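**Student:** After the sequence you'll find the predicted model.
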Amino acid sequence: MARRAAEKNYLAVTSFRRHYPDQVKGYYLSPLQTTQKAPLAKLIFFVKTIITRFYNFVNSECEKMYKLIACDMDGTLLDDSFTLSQIDKDAITKARDAGIIFTLCSGRSYKSLRVFAQELGIITRGSYIIGFNGGIIYDPYDGVVVRKDDLPKDVAVEIVKLYKAAALDMEIVIYLDGERVLFEKNAVYAHKYQRISNVDWLETTDIVSAARELESIAKIIFIGENSTLKTFEKELEDAFGRDVGICFSAEYLLEAGPKGRSKGDGIMWLCQKLGINPAEVIAIGDNYNDISMIKQAGLGVAVANAVDAAKEVADYVTARDCSNGAVAEVIEKFVLQQNFL
């Protein structure tokens, strides 16, 4: 936190020097030089003026320090029933009225995220949605994918074969793109996942053969008990760790996606696109796949219900959980009512 405070003060001082070069120049004259230039009374008045202006200026800079909020969905912005709370929606509206960009950064597909973006009213020209844990970036205003990385096709097929060979009590969901998924016929949890995710679906009796026929595979999800998934995670890491990014997005969801893509990577791309310093970003999340963006942002936040690993790297942990306005708490504290001095 001390480093981040220093960065905030540095940005404020640098900006102050840019706005008031003459005053700053005079302020750094030696006491002897300054005394020779003006009587003591004028010197005192001058110093008070500089201090007052600097104090007010730093306050104003801090108030607009953050320019972008990148927010996870499940377990963070969405409550336990996968809906948006009114308190969070109201806070997001106030943040946007204050000039803050609010973007969704999730493991979900862009088709799923677009529905929530519409409800939040954040679809505007130049807005972006980060999906698939950074694997896809979507412009919801123009309806175009601006960046997309898939799993290497041959590796993806081998992962599906490993899933079948493992014969563990879990189910598989294959994302073809940002709108459709494929899973096995009679799957129970995969179907439930598809409904919650609001994506189109296909089913098959031969998942390996179907995977071979697909034009591309964006990512693969495994659904099951946490202990079962951890066992399979080790098998995945041993076999494909060099070629695939593997992480948990929920206790019951294990994901395999493009190597090198993460939410933190997605935020860096967005910062470069919008001309925003990562120090001016607030990232809010709850799970292992959020850790990269929590670490990357100027203010990394873990909500109260977050996993311990996310809390350990966060700058701030909310008192509220995802069902009680955790995101609103962050906006109220760090955007609407800031006081860093």
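**Tutor:** That came through fine.

**Student:** Now do the buried residues in stretch 186-198.
**Tutor:** By neighbour count on 16 or more other Cβ atoms under 10 Å, the buried set for stretch 186-198 is 187, 189, 190, 193, 194, 197, 198. Just so you know, the C-beta spots here come from the backbone N, C-alpha and C atoms, and that holds for glycine as well.

**Student:** okay, now the closest residue to the first one other than its chain neighbours: neighbour count?
**Tutor:** Right, the one you point to is residue 187. Nearest non-adjacent residue to residue 187, counting by Cβ to Cβ, 6 or more residues apart in numbering: residue 171, 4.9 Å away. Residues lying near residue 171 (other Cβ atoms under 10 Å) number 21.

**Student:** pLDDT wise, what is residue 171 at?
**Tutor:** pLDDT, residue 171: 97.

**Student:** From the rest of the structure, what touches the host helix or strand of it?
**Tutor:** In this assignment (DSSP states H and E), residue 171 forms part of strand 170-175. The contact list for strand 170-175, computed with Cβ atoms under 8 Å, 6 or more residues apart in numbering, reads 109, 132, 156, 160, 163, 181-184, 187-190, 193-194, 199, 207, 211, 214, 217-225, 228-229, 232.

**Student:** and it, C-alpha only, in CSV?
**Tutor:** This file holds the C-alpha atoms of strand 170-175, laid out as CSV (Å, rounded to 0.1, in the frame of the first residue of the first chain):
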residue,chain,number,x,y,z
MET,A,170,-17.0,-34.8,-13.9
GLU,A,171,-18.5,-33.3,-17.1
ILE,A,172,-17.0,-31.3,-20.0
VAL,A,173,-18.1,-28.2,-21.8
ILE,A,174,-16.3,-27.1,-24.9
TYR,A,175,-16.6,-23.5,-26.1
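
**Student:** Show me what the next helix or strand after that strand pairs with in its sheet, parallel or antiparallel.
**Tutor:** Note on strand 170-175: by DSSP H and E, the next helix or strand toward the C-terminus is strand 180-184. Here strand 180-184 has these sheet partners by DSSP bridges: strand 170-175 (antiparallel), strand 200-204 (parallel).

**Student:** For residue 314, find the nearest of those.
**Tutor:** strand 170-175 (28.5 Å; Cβ to Cβ).

**Student:** What's the end-to-end length of stretch 91-104?
**Tutor:** 15 Å (Cα to Cα, to the nearest Å).

**Student:** Which segments of this protein make up each domain?
**Tutor:** 2-63, 68-145+281-336, 153-258 (automatic domain parsing).

**Student:** closest one to residue 271 among the ones you listed?
**Tutor:** domain 68-145+281-336 (6.6 Å).

**Student:** And the contacts of stretch 203-210?
**Tutor:** By Cβ under 8 Å, 6+ apart, the residues outside stretch 203-210 that reach it are 157, 160-161, 163-164, 172, 174, 182-185, 187, 202.

**Student:** Helices of the protein, residue ranges please.
**Tutor:** 2-19, 21-27, 31-37, 40-63, 86-97, 110-120, 153-166, 189-197, 207-213, 226-240, 263-274, 291-296, 308-313, 326-331 (DSSP state H).

**Student:** quick one, what contacts residue 246?
**Tutor:** Residue 246 touches 233, 236, 237, 240, 254, 255, 256, counting by Cβ under 8 Å, 6+ apart.

**Student:** Surely the last one touches residue 248?
**Tutor:** No - the pair residue 256 / residue 248 is not scored as a contact, 11.2 Å apart, by Cβ atoms under 8 Å.
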